[in-house]
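Visitor: Dropping a prediction and its sequence here:
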Amino acid sequence: MKKIICTTRDITERKQLEEELKKSEIRSAEIVDIFEDITEQKQTDTERLKQHEALLHMGRSAAMNELATSLAHEINQPLAAILSNAQSILRFLDAEKPDMDEVRDALKDIMDDNRRISAVIKELRNYLKKGEIKREPLDMAGLLEEVLVLSHSDLAIRSITIQKAFDPNLPKVLGNRVQIQQVILNLVMNGCDAMEKAASTDRMITVSAGTDNSGNVLVDISDCGHGFSKTESSKAFETFFTTKPNGLGLGLATCKSIVESHGGRLSVRNNPDKGATVSFTLPIHTGNP
């Protein structure tokens, strides 16, 4: 009788053990499936992020293609001035009694022109570089000024004047420097393109910035062009929609994507008299500097 009880107990325990093992195998399989799902999702997210970054970089490159001529002018102009000043210095030094004040002034001009070229190249490299999307507290007034330096020659070549209406001490925002520069530059260049057929006396871009009542920095970029038609207003933010013969249709769509990823909003409206205004907001940074 004792042996039978032991045998029955052994069989029962073995069955329980088998059931536990089966449950464990099922749980293990479920865990493996979960990990596989997570891995696939991560791979999908990584691919989407890469595609998004590539699209942003393509948008920056397209904007820079439009600026290429003016940037060449922006660099060639100070280079020509450097050459001219260097030749003047040689003439001064060949004189029987060289005017050293003239030499010093010419050397200072050379240094200033060199700094100007360096500043343009630095902004260009920062704007075009690819890399980690890092966010940091940003000086919005400083970013606006940097973009206007990049677009200065293009505005001059097109006989477009710039009107600035923003406080140099705007609150900081948390964002990616290159992406916010991309938004500002795209909007300025779009305004320039909109005034292509306008009289030269009417060509003006107004860049204004301040704060709204919702804790945001608000930036308005206005032009004196033809404004938006109803169709253009409704499709303005669609990827690959463009009214330019050689446009890629990435400008406003990319700007909207960037601004919204920073917690802001982008909108367009026609001005009461002529032209249009594109506005975007970015939340004021309230954390540590």
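Guide: In hand now; what should we look at?
Visitor: Below-threshold pLDDT in this protein: ranges please.
Guide: Applying pLDDT under 70 to the chain flags the ranges 1-74, 77, 123-124, 126-133, 231-251, 289.
Visitor: T206 is in contact with M195, isn't it?
Guide: No: in this structure, T206 is not within contact of M195 by Cβ atoms under 8 Å, at 11.8 Å. To be clear about C-beta, it is placed using only N, CA and C from the backbone, and glycine gets the same treatment.
Visitor: the more surrounded of these two?
Guide: M195 (22 against 18; other Cβ atoms under 10 Å).
Visitor: Can you show me the strands along the stretch 101-250 of the chain?
Guide: Shown for the stretch 101-250 of the chain, the strands assigned by DSSP state E, counting those that start in this stretch span residues 136-139, 161-166, 172-175, 204-211, 216-222.
Visitor: Output those strands as JSON lines; include the columns distance to G287.
Guide: Below are the strands of the stretch 101-250 of the chain laid out as JSON lines (distance: least, Cβ to Cβ, whole Å):
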{"stretch": "strand 136-139", "distance to G287": "8"}
{"stretch": "strand 161-166", "distance to G287": "23"}
{"stretch": "strand 172-175", "distance to G287": "7"}
{"stretch": "strand 204-211", "distance to G287": "17"}
{"stretch": "strand 216-222", "distance to G287": "15"}
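Visitor: Those: which one's closest to A80?
Guide: strand 161-166 (23.7 Å; Cβ to Cβ).
Visitor: That closest one - contacts with which helices or strands?
Guide: Using 3 or more Cβ pairs under 8 Å, 6 or more residues apart in numbering; DSSP states H and E as the contact test, the elements touching strand 161-166 are helix 140-157, strand 204-211.
Visitor: could I get those as TSV with distance to I180?
Guide: Output for these, formatted as TSV (distance: least, Cβ to Cβ, whole Å):
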stretch	distance to I180
helix 140-157	6
strand 204-211	12
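Visitor: So for A276, which of these sits nearest?
Guide: Comparing those under Cβ to Cβ, the one sitting nearest is strand 204-211, at 11.3 Å.
Visitor: Just want the angle from the helix or strand containing I258 to strand 216-222.
Guide: Following DSSP states H and E, one finds I258 within helix 251-261. Angle of helix 251-261 versus strand 216-222, following axes from the mean of the first three to the mean of the last three Cα atoms, to 10 degrees, is 170 degrees.
Visitor: What residues of helix 251-261 count as buried?
Guide: G251, L252, A253, T254, C255, K256, S257, I258, V259 (16 or more other Cβ atoms under 10 Å).
Visitor: from these, which two are the most distant?
Guide: Spanning the widest gap among the buried residues of helix 251-261 are G251 and V259, at 12.6 Å by Cβ to Cβ.
Visitor: hang on, isn't G215 packed against P283?
Guide: Yes: when contacts are counted by Cβ under 8 Å, G215 is listed as touching P283 (6.3 Å).
Visitor: who's more crowded, those two?
Guide: More neighbours surround P283 than the other of G215 and P283, with 16 against 11 (other Cβ under 10 Å).
Visitor: what about that one, distance to L174?
Guide: From P283 across to L174, the span is 7 Å (Cβ to Cβ, to the nearest Å).
Visitor: same question, P137
Guide: P137 sits 6 Å away from L174, going by Cβ to Cβ.
Visitor: and those two? which has more neighbours close in?
Guide: Higher neighbour count among P137 and L174: L174, with 16 against 13, using other Cβ under 10 Å.
Visitor: What sits closest to the more buried one if chain neighbours are left out?
Guide: Nearest residue to L174, sequence neighbours excluded (Cβ to Cβ, 6 or more residues apart in numbering): H285, at 4.3 Å.
Visitor: so who does that neighbour touch?
Guide: Shown in contact with H285 (Cβ atoms under 8 Å, 6 or more residues apart in numbering): P137, L138, P171, K172, V173, L174.
Visitor: what is in contact with P283 and L174 at once?
Guide: In contact with both P283 and L174: H262, using Cβ under 8 Å, 6+ apart.
Visitor: Sweet, I'm off.
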